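Asker: the sequence and its predicted three-dimensional model are supplied below.
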Amino acid sequence: MHLSPRARHVTGQARALGLIGACVVGVLWLASHPSFVRAQDTTAEVSASPDMDVAVVASTSASMRGPIWMLLPVSVGALPSWIEPAASSVNTELVRQHDPVLDVGSLRARLEARVSAPPAQLTNFQIDAWMSHSRSAITHLASMEYEQAHMDLLQTEAVSERAAEELNREDHRAHAVLETCLYLVRVFVETDQFARAEEHARECRMLVPGLQANAIAQTPEVNEVLHHVDEAMRHEPRGHLRVESNPPGCTVRLNGLVFGQTPFTMGDMARGDYRLQVECDDNERGRVHHIRVGEDETVVRVDARFEQAFETRSIPHLHYPDRDQSREHRVLDALRLAHDSGASQIMLFVPVDGGVRIDRLDVATQSVVASVRLPGRPEAVPPIPNALLAPAVRALTAGRSMDFSVSPLAPMQPWDGPHSRPAVAIQSEAAALAAVARDGSNDGSPGAAGEWRGSLRGSARPHATLGWVLAGVGVAALGAGFGLEARSRNLGDRYAIAFPSDVDFTSRQGDWRTSRYPVYGLAALGGAATSLGLGLALPERRGVPWLAWVSAGVGAALLVGGVVVGVQADSCGNIASDSVRCVARAKHVDLSVLLSMTGAPLLSVPLSYLLMPAHSNVTVRLDLGPGHAGVVLEGAL
C-alpha cells in the first residue's frame with residue numbers, strides 16, 4: 001500500500017514530534033538527577049564595619065539539585081592526627097550516597113586562590129641551590145654559553161616565581177632576585193630576541209615591585225631595555241590599592257617587600273597580579289592574598305584573628321588557641337569559607353571527649369541544623385567505626401541529630417552554643433537554591449521526650465527513586481509501542497495487498513489485527529507510568545522552571561499532532577472487502593494514540609509543579625520508651 005505525499009509528510013512530522021518528546025523526557029531526567037550538580041565560580045567580597053564585624057556578600061552560580069557539602073575540621077591547638085582520616089571516611093561515604101562534596105584538593109585550591117594561601121617555605125639548602133644557579137649563569141654568560149646560562153636561569157626563575165614573598169623579605173635577596181631575573185633579559189638581548197627581552201624585563205619589574213636595579217651589574221643593552229620598559233609602564237594607566245586590617249598598624253608586604261602599614265593606600269602602581277601579606281605579628285609570616293590591581297580601586301580587608309585561625313597546609317581546617325574562641329568564631333569563619341568555596345552545607349568536625357561531634361551548618365539559614373556524636377579512638381584504624389559512618393552521614397543529610405556514642409542510640413539536640421552572628425545576613429545563590437531544593441526537609445529537632453520528628457520528603461526523597469523507575473518504565477513502554485506500531489504497519493501493508501481468494505488471506509488479517517492490541521496497551525501503560533513517575537521524581541521547588549514550560553510546549557505539539565493525524569483517518573466499510581481503506585485508517589488511529597500518550601506526560605510537568613505543596617504534611621515519629629520502640633507515620637501519603 002502507498003500513502004499520498006501529504007499523508008507521508010504528516011506521518012514524518014508526527015514521528016519527529018515523538019522523537020522530540022522522548023528527548024525532552026531525557027533532558028528532564030538529566031536536569032533533575034542528584035549527580036547533575038556543578039559548583040560554579042564564586043566571587044566574594046569580605047567587608048568590615050568600623051568595629052570589624054564581618055559581613056560576607058557572595059554571588060554564586062550553582063545547580064538547583066541538592067546541597068554541595070564542605071567538610072571542615074575544627075581544633076583547639078594543633079589538629080589531631082586522626083581527624084583527617086575521619087573526615088576522609090565521611091567524604092567517601094557522602095560520595096557513596098551520591099551527595100556532591102568538595103574533595104580536599106579542590107577545596108584547598110579554591111580557598112587558597114579566593115581567600116589566602118600559606119606563605120612559601122624555603123629551606124637553606126633550596127636557597128643555596130638558587131644562589132648557586134645564579135652564579136653559574138653569570139659564568140656561562142661571561143663565556144657566551146647562552147644555552148647553559150638559559151638552563152640555569154630557568155631553574156632560578158622557577159624558585160623566584162614560586163616563593164617571591166619569601167626571597168624578597170630580605171633586602172639583599174630581593175636585589176639578587178631582580179638581578180638574576182635581568183640576567184635572562186641579557187640572554188635574550190645577546191641572542192637577538194628583543195621582543196622576549198622587553199617582555200621578560202616587564203615580568204622582572206612586577207616580580208620585585210618598586211626596587212631599583214643596580215646599573216653596574218648589567219650591560220648597557222640590558223639597562224636600555226629596562227629603561228624603555230619603565231618609560232612604557234609609566235605612561236600606562238595606573239592602579240589604586242587600599243588595604244585595611246583589624247587591628248590597624250600591621251605591616252603591608254607586596255611580593256615580600258615592605259610598603260607600609262595599615263591603613264595603607266597606594267594610588268600609583270602598575271596594574272597586574274601581586275601577592276599581598278598583612279602581618280600583625282613580626283614573628284609570623286602573613287598568609288598570602290593573591291590580588292589583581294586593575295582599573296578600579298582594589299580594596300582588601302584583613303582580619304588578623306581569622307588569618308590565624310584559617311589553615312590549609314595539611315587539609316583546610318580552622319584552629320583556635322582555646323575552646324572559648326572556637327565556640328565564638330567557628331560558625332562565622334566557616335560561613336566565610338563556604339561562600340568562597342561555593343558550598344551550601346558544611347560539616348564541622350569538632351573533637352570532643354571520647355570522640356568527635358559533627359555539626360551540619362546550613363549556609364542559607366546560618367545555623368546548625370543537625371549534630372551527631374561519634375565515638376573515636378585516635379590509636380584505632382579507622383579511628384571511627386565503619387559501621388557507624390553510613391547511618392551517621394544519613395542522619396546528618398536528613399537533618400537528624402543522633403548520639404552514636406551511647407547504646408542504645410539516642411536523639412540529641414543540635415549544637416547551639418554561643419557564637420558570633422554575621423553583622424549582615426549572609427546570602428548566596430547557591431545556599432538559596434539549595435534551601436529551595438531542600439524545601440520540607442527535617443530540622444532534626446526533637447519532639448516530646450523520647451520522640452524524634454522529621455519529614456519524609458527530606459533530602460533523601462526515596463519516592464524520587466520510585467518516580468524515576470516509573471518514568472523509565474513509561475518511556476520504555478512508549479518506545480516499544482512505536483516499534484510495534486511500525487511492525488503493525490508492515491503487517492497491515494501485507495494484508496492490504498492480499499485478495500480474499502488467497503489461501504493466507506485470513507491469517508494475514510488475523511496477524512494484523514492482533515498486532516494492534518499491544519500498541520494500545522503499551523501506549524496506555526507508557527502514558528500513565530511516565531505521568532505518575534515524573535510527578536514523583538521532579539524536584540520540589542517553588543514556581544515552575546522554564547524547562548517545564550518547554551516540556552509542556554512539546555507535549556502540546558504532540559497532542560495537536562495526534563489530533564491532526566487522527567482527523568485524517570478516513571472511514572472504511574467491510575474490513576474484508578475494503579482492506580486498503582481500513583488499514584490506512586488503522587495506521588492513523590494507532591499513531592494518533594501513541595502521539596497523544598507521549599504528549600500527555602510532558603504536558604503534565606508544569607501541572608506537577610503548580611499542584612506541588614509548599615511543605616510536606618507527612619512526618620515520621622520515632623517513639624522510644626522504657627519497654628517499647630516504634631516508628632509512626634503521620635499525615636497524608
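Answerer: Structure's in. What do you need? Not measured: the values here are computed from a predicted model.

Asker: part of a helix, is Leu374?
Answerer: No - counting by DSSP: H, G, I helix; E, B strand; the rest coil, Leu374 is located in no helix; its state is strand.

Asker: doesn't Thr530 lie inside a strand?
Answerer: No - counting by three-state DSSP, Thr530 is not part of a strand but helix.

Asker: so who does Trp415 touch?
Answerer: Trp415 is in contact with 350, 357, 359, 368, 371, counting by CB atoms under 8 Å, 6 or more residues apart in numbering. Bear in mind the C-beta positions are built from the backbone N, C-alpha and C, glycine included.

Asker: check what pLDDT it gets.
Answerer: The pLDDT attached to Trp415 in the predicted structure is 86.

Asker: rewinding a little: His588: which of the contacts of Trp415 is nearest?
Answerer: Distance to His588, by CB to CB, is smallest for Val368 among those, at 63.0 Å.

Asker: now do that closest one against Gln345, distance only.
Answerer: With distances defined as CB to CB, to the nearest Å, the gap from Val368 to Gln345 amounts to 11 Å.

Asker: ok, Ala137 next?
Answerer: Applying CB to CB to Ala137 and Gln345 gives a distance of 52 Å.

Asker: need the overlap of contacts for Val368 and Gln345.
Answerer: Any residue near both Val368 and Gln345 by CB under 8 Å, 6+ apart counts here, and that gives 360-362.

Asker: run through the stretch 51-200 of the chain and note the low-pLDDT ranges.
Answerer: Applying pLDDT under 70 to the stretch 51-200 of the chain picks out residues 51-66.

Asker: same thing with the chain?
Answerer: By pLDDT under 70, the weakly predicted segments of the chain are 1-66, 378-382, 417-463, 539-543, 611-637.

Asker: which helix is the longest one in it?
Answerer: In the chain, with assignment by DSSP state H, the single longest helix is helix 462-496.

Asker: all helices for the stretch 1-150 of the chain, in order.
Answerer: Assigned helices in the stretch 1-150 of the chain, in chain order: 5-32, 83-96, 104-114, 124-142, 146-162 (criterion: DSSP state H, counting those that start in this stretch).

Asker: got it, and the stretch 351-500 of the chain?
Answerer: Read by DSSP H, counting those that start in this stretch, the stretch 351-500 of the chain holds these helices, from start to end of the chain: 386-398, 429-437, 462-496.

Asker: sorry, back to before: the longest helix of the chain: which residues count as buried?
Answerer: Neighbour counts over helix 462-496 (16 or more other CB atoms under 10 Å) mark 464, 467-468, 470-475, 477-478, 480-482, 484-485, 488-489, 491-496 as buried.

Asker: about what we covered before: okay, Val368 and Gln345: which has more neighbours?
Answerer: Set side by side, Val368 and Gln345 show more neighbours around Gln345, with 27 against 21, by other CB atoms under 10 Å.

Asker: on that earlier part again, got JSON lines for the contacts of Trp415, with distance to Gly526 too?
Answerer: Below are the contacts of Trp415 laid out as JSON lines (distance: CB to CB, whole Å):
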{"residue": "Val350", "distance to Gly526": "52"}
{"residue": "Arg357", "distance to Gly526": "50"}
{"residue": "Asp359", "distance to Gly526": "47"}
{"residue": "Val368", "distance to Gly526": "46"}
{"residue": "Ser371", "distance to Gly526": "46"}
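
Asker: just the ones of these in strands?
Answerer: Secondary structure from DSSP state E places 350, 357, 359, 368, 371 of the contacts of Trp415 in strands.

Asker: which helix or strand contains Arg275?
Answerer: Following DSSP states H and E, the helix or strand that holds Arg275 is strand 272-279.

Asker: between strand 272-279 and the following helix or strand past that strand, find me the angle.
Answerer: Per DSSP H and E, the first helix or strand lying C-terminal to strand 272-279 is strand 289-293. On the basis of axes from the mean of the first three to the mean of the last three CA atoms, to 10 degrees, strand 289-293 is oriented at 140 degrees to strand 272-279.

Asker: in its sheet, what does the following helix or strand past strand 289-293 sit against?
Answerer: Towards the C-terminus, the helix or strand next in line after strand 289-293, according to DSSP H and E, is strand 297-303. With DSSP bridges as the criterion, the sheet partners recorded for strand 297-303 are strand 238-246 (parallel).

Asker: sorry, back to before: of the shared contacts of Val368 and Gln345, which is the nearest to Asp333?
Answerer: Taking CB to CB as the measure, Leu361 is the one of the shared contacts of Val368 and Gln345 closest to Asp333, at 10.7 Å.

Asker: the nearest residue to the closest one once chain neighbours are set aside: neighbour count?
Answerer: Distances taken as CB to CB, 6 or more residues apart in numbering place Ile346 nearest to Leu361, at 4.1 Å, with adjacent residues excluded. Summarising burial for Ile346: neighbours were counted as other CB under 10 Å, giving 23.

Asker: contact partners for Ile346?
Answerer: By CB under 8 Å, 6+ apart, the contact set of Ile346 is 69-72, 334-335, 338, 360-361, 363.

Asker: quick one on the thing from earlier: buried residues in the strand holding Arg275, which are they?
Answerer: Residues of strand 272-279 classed as buried: 272, 274-279 (neighbour count, 16+ other CB under 10 Å).

Asker: closest to Asp578 among those?
Answerer: In terms of CB to CB, no member of those lies closer to Asp578 than Gly272, at 85.2 Å.
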